[in-house]
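[1] below are the sequence and a predicted model for it; my questions follow.
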Amino acid sequence: MPTLSYLQLAQLRSLLLVSVLPALALACSHPSTVGTGDGSGGNISNGTAGSSAGHSGSAGANGSAGGNGRAGSGSGGSSTASDGGADAVVSSAGGSGPPRGPTPPAPGMKFPFPQNRQSANCVYPAGYTNDVVLAAYNKWKADTVTNAGAGGFRRVKRTQSDFTGTGGLELESTVSEGIGYGMLIAVYMNDQALFDDLWRYEQLWPNDKTGLMDWYINAAGNMRLGTGPATDADEDMAFALVMADRQWGGKGALASNYIDIAKDQISKIWNNEIYQSKLLLPGNWGDWSTVNISYFAPAYYRVFDNVDTDTTHDWQAVIQTAYEREASAGSKLHDKDLKVLASKCHDDGADRWLCEVTFISQSDPSERLFFDIVAVARAADGWALKSGLCKR
């Protein structure tokens, strides 16, 4: 089986957002009917399945509590404590379809895998199974996570399936985006030891001007091959640190609490990678001519706005600018006078998630521009992101 490339790693991150815990479901409440059954030695067996909800068992002697999501009308499935009794993972057995979370909290973990919390405003593939996600996670770790050249910690390395060789990056080297991806995946999968190791590796390579990680480190772990921060990596790490506070709290093996490190990372991003207090840059360089909309993550900035204690950091302005720049990347260019007035997303009934966005001219409030944005659409081999922007 081939190793996972960085593109596949990004796709794994997207799949985890569906099957694990989107933003750790911070604002969501999904009550479920709880059944009975006690586990022993980390294994949990279910009683008879209910008509809509599966059962949850209490922790066994060596494992933590596990639980099934909706079991359907068939017999209940079972869940098994994995990774030495550290995590409770739902099996795909039983029921009329793949079982779903959310798995209830357990000691030391507020959102054990899997969670499967889904927003009513989004469209999700129906047939995915949590077992597939777990298998992909284990393969990703086996293929790309290494302690070689990691200074006593662990890092994510580039594999042969990534673009290497002439004109490419060094085989088995590390880029900061890989560390950011790895931290997000580790916190979603409740792998605190890996999460802490990746962050401690990141701390070995601070940029001397910004304190953010230099973006490209050689495989031997003794040389910077590329200096300067990469904003997409830095914001992934910041968001992952906030999620670590929600998942585990405290500080784990780190020197400070996750939330305090997150606040520091967010401040460094603001001070070095936000231009004119509104535009996210690709690094600690650039201006309005170097916009890269693939780096924009407005959902992150809403969280940063809640976490950041510096009231001079206007993350709402960054969100606004991100939407304006995304609109200007479409078929019609807009000036900076435009402001997002309203937006809503819905399923159009044809396996597409459509977003309707209304812009208003701040100099002429009577002028409004309306756009339909195709956010995702079903392709022959799965789900594909779309970037269509059509004036209507």
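    Everything's here; your move.
[2] mind telling me what element Trp270 is part of?
    Using DSSP states H and E, Trp270 sits in helix 258-273.
[3] which secondary structure elements does that helix contact?
    Applying 3 or more CB pairs under 8 Å, 6 or more residues apart in numbering; DSSP states H and E, one finds that helix 258-273 contacts helix 231-247, helix 298-307. Where C-beta positions appear, they are placed from N, C-alpha and C, glycine not excepted.
[4] and after the last one, which helix or strand comes next?
    The reference is to helix 298-307. Next helix or strand after helix 298-307 toward the C-terminus (DSSP H and E): helix 315-328.
[5] any buried residues in that next one, and which?
    Using 16 or more other CB atoms under 10 Å as the test for burial, helix 315-328 gives 315, 317-328.
[6] taking the residues you listed together, which two end up most distant?
    The most widely separated members of the buried residues of helix 315-328 are Trp315 and Ser328, with 20.2 Å between them, by CB to CB.
[7] quick one: the strands in the stretch 51-200 of the chain, in order.
    For the stretch 51-200 of the chain, the strands defined by DSSP state E, counting those that start in this stretch cover 79-82, 87-90, 145-146, 155-156, 174-175.
[8] counting by contacts, list what the third one packs against.
    Counting contacts by 3+ CB pairs under 8 Å, 6+ apart, strand 145-146 is packed against strand 155-156.
[9] also the fourth one?
    Counting by 3+ CB pairs under 8 Å, 6+ apart, the packing neighbours recorded for strand 155-156 are strand 145-146, helix 176-188, helix 192-202.
[10] now the very next helix or strand once past the last one: mean pLDDT?
    Going down the chain from helix 192-202, the next helix or strand is strand 216-217, by DSSP H and E. For strand 216-217, the mean pLDDT works out to 96.
[11] who touches strand 216-217?
    Residues from elsewhere that reach strand 216-217 (CB atoms under 8 Å, 6 or more residues apart in numbering): Arg155, Leu169, Ser173, Thr174, Val175, Ser176, Trp205, Met223, Arg224, Leu225, Gly226, Thr227.
[12] partners of that strand, with directions?
    strand 174-175 (antiparallel), strand 224-226 (antiparallel) (DSSP bridges).
[13] count the residues that sit near Ala186.
    26 (other CB atoms under 10 Å).
[14] again with Arg155
    Going by other CB under 10 Å, the residues that sit close to Arg155 add up to 29.
[15] measure it to Val123 for me?
    Going from Arg155 to Val123 by CB to CB, to the nearest Å gives 35 Å.
[16] one more: Ala148?
    Per CB to CB, Ala148 is found 41 Å from Val123.
[17] in the helix holding Trp270, which residues are buried?
    Buried residues in helix 258-273 (16+ other CB under 10 Å): 258-259, 261-263, 265-270, 272-273.
[18] which other residues reach that helix?
    199, 209-212, 229, 231, 234-235, 237-238, 241-242, 244-245, 248-252, 254, 280-281, 283-284, 304, 307-310, 313.
[19] which of those residues are buried?
    By the neighbour-count criterion of 16+ other CB under 10 Å, the contacts of helix 258-273 include these buried positions: 199, 210, 212, 229, 231, 234-235, 237-238, 241-242, 244-245, 248, 251, 254, 280-281, 283-284, 304, 307-308, 313.
[20] wait, isn't Tyr275 in contact with Trp288?
    Yes. Assessed by CB atoms under 8 Å, Tyr275 is found in contact with Trp288 at 7.5 Å.
[21] of Ala148 and Val123, which one has the most company?
    A count of neighbours by other CB under 10 Å puts Val123 above the other of Ala148 and Val123, at 20 against 11.
[22] ends of stretch 186-200, what's the gap?
    Counting by CA to CA, to the nearest Å, you get 14 Å between the two ends of stretch 186-200.
[23] surely Arg155 touches Arg200?
    No. Using CB under 8 Å, Arg155 makes no contact with Arg200, being 9.9 Å away.
[24] coming back round to it: put together JSON lines for the helices and strands packed on helix 258-273, with distance to Thr129 on each row.
    Formatted as JSON lines, those follow (distance: least, CB to CB, whole Å):
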{"stretch": "helix 231-247", "distance to Thr129": "23"}
{"stretch": "helix 298-307", "distance to Thr129": "26"}
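[25] in TSV, list those along with distance to Asn138 and mean pLDDT.
    Shown next, in TSV, are these (distance: least, CB to CB, whole Å; pLDDT from 0 to 100):
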stretch	distance to Asn138	mean pLDDT
helix 231-247	19	98
helix 298-307	27	95
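[26] who wins for proximity to Leu194 among those?
    Nearest to Leu194 among the helices and strands packed on helix 258-273 is helix 231-247; the distance by CB to CB comes to 11.4 Å.
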